[in-house]
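Undergrad: coords below, sequence missing:
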C-alpha cells in the first residue's frame, strides 16, 4: 500500500511541475519557472523514495534522495527572493 501512495505523490509532484512549466512557457512569468523547477526536484525526491523504500530496502539512500529536494527548495527560495516583482 505504501508503494501506491509513494507513486501517487510522485505523479502529483511531476504533474504540478508540468503544469507550472507549461504556464511559464506561455506567460514567461519567472516565478512559475522557479516553482516548476522546485516541483521537479520534489518529484525526483519522491521517485528516489520509491527506489529507497521498495526497490533497494537494504541500502540507505536518504542522503541521495534529499539532494533533489534541497536543490528544488533552493531554486524556489531564489525565485521568491530575487525574481519577485
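TA: Cool, the structure landed. Since this is a predicted model, take the numbers as computed values, not measurements.
Undergrad: Work out for me the element the residue most central in space within the chain sits within.
TA: The centroid of the chain falls nearest to residue 42 when counting by Cα atoms, centre = their mean (2.0 Å). In the assignment (DSSP states H and E), residue 42 maps to helix 30-50.
Undergrad: on contacts alone, who are the packing partners of that helix?
TA: Judged by 3 or more Cβ pairs under 8 Å, 6 or more residues apart in numbering; DSSP states H and E, the packing partners of helix 30-50 are helix 2-27, helix 62-82. Heads up, the C-betas are built off the backbone N, CA and C, glycines and all.
Undergrad: buried sites along it?
TA: By 16 or more other Cβ atoms under 10 Å, the buried positions in helix 30-50 come out as 32-50.
Undergrad: before we move on, back to that, possible to save the helices and strands packed on helix 30-50 as JSON lines with mean neighbour count, distance to residue 54 and mean pLDDT?
TA: Listed next are those as JSON lines, based on neighbours: other Cβ atoms under 10 Å; distance: least, Cβ to Cβ, whole Å; pLDDT from 0 to 100:
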{"stretch": "helix 2-27", "mean neighbour count": "14", "distance to residue 54": "5", "mean pLDDT": "96"}
{"stretch": "helix 62-82", "mean neighbour count": "14", "distance to residue 54": "12", "mean pLDDT": "94"}
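Undergrad: for the helix holding residue 42, the distance to its chain's centre please.
TA: Distance of helix 30-50 from its chain centroid, counting by Cα atoms, centre = their mean, to the nearest Å, is 2 Å.
Undergrad: Would you confirm that residue 30 contacts residue 83?
TA: Yes: counting by Cβ atoms under 8 Å, residue 30 touches residue 83, with 4.7 Å between them.
Undergrad: Residues in contact with stretch 38-52: which ones?
TA: 3, 6-7, 9-10, 13-14, 16-17, 20-21, 59-62, 64-66, 68-73, 75-76, 79 (Cβ atoms under 8 Å, 6 or more residues apart in numbering).
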